[in-house]
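**Q** need a structure here:
(one chain, ligands or ions: 1)
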Amino acid sequence: MRLRLRTLLLGAFAAGGGYWLWRYLQPERSTLVLNDSVVIITGASSGIGRAYAQGFARRGAKVVLAARRAEVLEEVRSEIEPYAADVLVVPTDIRKDSQLRALVSKTLKKFGRIDIVVNNAGLAMHGPLQGEPLDQIRALVDTNLSSAMTLTALCLPTMLSQRSGWIVNISSMAGLMEMPFHVVYGPVKRGLISFSDTLRRQLDGTGIEVVSVLPTYTDTELVTSETRQWLHKTGFSIDTPQYVVERTLDGMLKHRHNVLFGGQVTAISLWFHRHFPRLGDLGVRAFMTPEVMALNDDTLPEVEGENA
Ligand SMILES: NC(=O)c1ccc[n+]([C@@H]2O[C@H](COP(=O)([O-])OP(=O)(O)OC[C@H]3O[C@@H](n4cnc5c(N)ncnc54)[C@H](OP(=O)(O)O)[C@@H]3O)[C@@H](O)[C@H]2O)c1
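**A** Numbers count the residues shown, from 1 in each chain. The predicted structure follows:
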């Protein structure tokens, strides 16, 4: 008995030592020093992307602004120019590979390196699958997932040669909770989480880190006035884009794999969802009344006077 205990203790000690040695021998992780770091942000013309541009600029980064609306990007440039280390505007439609290539080559031509890529640009879609126009389904998958993968693929050779970098993928809590009105958006956001987790394993030991950011409702153009009314009625809070940015930077500093939002209520619902899926189904059935479904259906005609 005593011999077995001693073997057990020695085994645990050896395993602990082995793990420590393995960690010690790993290449050094990149630290979050933003001074003069080069950050590409997609969807930088509004909402969360614009707030990322402000947040990274305030910390002294060189910021590359990408989105389709060139004139709005110029507004963002003049907003952040006083405190950013440098700013480059590259009007880009991320669904076009040639424009993504141009984004990367213009960044490298001006700054010579890429430290952080924030895959933020995205579209939203709410409503029953059969009501969605087919081209919009493809556009959403393309914008929210395929383009993030393509831009990342284009930036990786530079990051690998630097032996440092960050890929920041803006997913959503909708990717973890199967809400019936998010039948396209939710699975695509889950795909982005899975992309982050898989890529992190591919890049293990290279000095490049990957983080998923999963906001809940955030005060941007993406949230319709109907959804705002529903959130107000049900007492759900809505985060500011600045809060999403601060939490992201904090998560990067702490080398988190996921930055989750929504507080305890969301955490508890997720736990139920994962461990008691049938109960989750019942909860969704009780909560998703026809009124709630209608408020979250952008295939229905808008109520007059309300803007989407
Ligand atoms: N707001 C929320 O409640 C919420 C919650 C969870 C997750 N998110 C995620 O957060 C991210 C940012 O959304 P947001 O709330 O800030 O919405 P937003 O204000 O509508 O911003 C979306 C951005 O994506 C850009 N974009 C769309 N299609 C593009 C394309 N083909 N090429 C380049 N840029 C494109 C838009 O710029 P242009 O129109 O100028 O191209 C815009 O800057 C999205 O991925 C969204 O899914 C948002």
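
**Q** List, one by one, the residues from the stretch 101-250 of the chain near the ligand.
**A** 120-124, 143-144, 170, 172, 215, 217-218, 220-223 (C-beta under 6 Å from any ligand atom). Any C-beta I mention is one placed from the backbone N, CA and C, and that applies to glycine too.

**Q** what's the farthest-apart pair in those?
**A** Pairwise distances across these peak at 19.6 Å for T143 and Y217 (criterion: C-beta to C-beta).

**Q** Might you report the residue contacts of the spatially closest residue to K62 that is not a sequence neighbour?
**A** In space, and not counting its chain neighbours, K62 is closest to D86: 4.2 Å by C-beta to C-beta, 6 or more residues apart in numbering. For D86, the contacting residues are 62-63, 110-111, by C-beta atoms under 8 Å, 6 or more residues apart in numbering.

**Q** follow-up on the earlier one: generate a ChimeraX selection restricted to the buried subset of the residues of the stretch 101-250 of the chain next to the ligand.
**A** This is the ChimeraX syntax for the buried subset of those, where burial follows 16 or more other C-beta atoms under 10 Å:
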select :120,121,122,123,124,143,144,170,172,215,217,218,220,222,223
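
**Q** Narrow the residues of the stretch 101-250 of the chain next to the ligand to those in helices?
**A** Under the assignment DSSP state H, these contribute nothing to helices.

**Q** ok, so of the residues of the stretch 101-250 of the chain next to the ligand, who is nearest the ligand?
**A** The ligand lies nearest to G122 out of these, by C-beta to the nearest ligand atom, at 2.4 Å.

**Q** pretty sure the closest one is touching N144, no?
**A** Yes. The pair G122 / N144 is scored as a contact, 4.7 Å apart, by C-beta atoms under 8 Å.

**Q** what are the ranges of the helices in the stretch 51-200 of the chain?
**A** Ranges of helices in the stretch 51-200 of the chain, per DSSP state H, counting those that start in this stretch, are 70-80, 97-111, 134-141, 147-162, 185-202.

**Q** Show me what the third one is packed against.
**A** This points to helix 134-141. With contacts defined as 3 or more C-beta pairs under 8 Å, 6 or more residues apart in numbering; DSSP states H and E, helix 134-141 has these neighbours: helix 185-202.

**Q** got the angle for the helix it packs on vs helix 147-162?
**A** The directions of helix 185-202 and helix 147-162 differ by 20 degrees, with axes from the mean of the first three to the mean of the last three C-alpha atoms, to 10 degrees as the criterion.

**Q** what does helix 185-202 contact?
**A** Against helix 185-202 from outside (C-beta under 8 Å, 6+ apart): 119, 124-126, 140-141, 144-145, 148-149, 152, 167, 169-172, 174-179, 209-212, 214, 257-258.

**Q** Could you report the neighbour count for F111?
**A** A total of 19 residues lie near F111 under the criterion other C-beta atoms under 10 Å.

**Q** mind listing what it touches?
**A** 38, 62, 64, 86, 88.

**Q** The third one and the ligand, how far apart?
**A** The one in question is V64. 13 Å (C-beta to the nearest ligand atom, to the nearest Å).

**Q** Distance of that residue relative to G122?
**A** 18 Å (C-beta to C-beta, to the nearest Å).

**Q** ok, and the closest non-adjacent residue to the residue nearest the centre of the chain?
**A** With distances taken as C-alpha atoms, centre = their mean, I170 lies nearest the centre of the chain, 1.1 Å away. Among residues not flanking I170 along the chain, N120 sits closest, at 4.3 Å (C-beta to C-beta, 6+ apart).

**Q** Show the backbone phi and psi for that neighbour.
**A** Per-residue torsions, N120: phi -110, psi -30 (degrees, to the nearest 10).

**Q** Assign the residue nearest to G251 when sequence neighbours are not counted to helix, strand or coil.
**A** Nearest residue to G251, sequence neighbours excluded (C-beta to C-beta, 6+ apart): V259, at 3.7 Å. Classification of V259 by DSSP: H, G, I helix; E, B strand; the rest coil places it in strand.

**Q** how about the nearest residue to V223 once chain neighbours are set aside, what does it touch?
**A** Leaving aside its chain neighbours, V223 sits nearest to Y217 (5.9 Å; criterion: C-beta to C-beta, 6+ apart). Shown in contact with Y217 (C-beta under 8 Å, 6+ apart): 223, 227, 231, 236-239.

**Q** By mean pLDDT, which helix or strand of this protein comes out lowest?
**A** Every helix and strand of the chain was ranked by mean pLDDT, DSSP states H and E. The lowest is helix 290-295, at a mean of 74.
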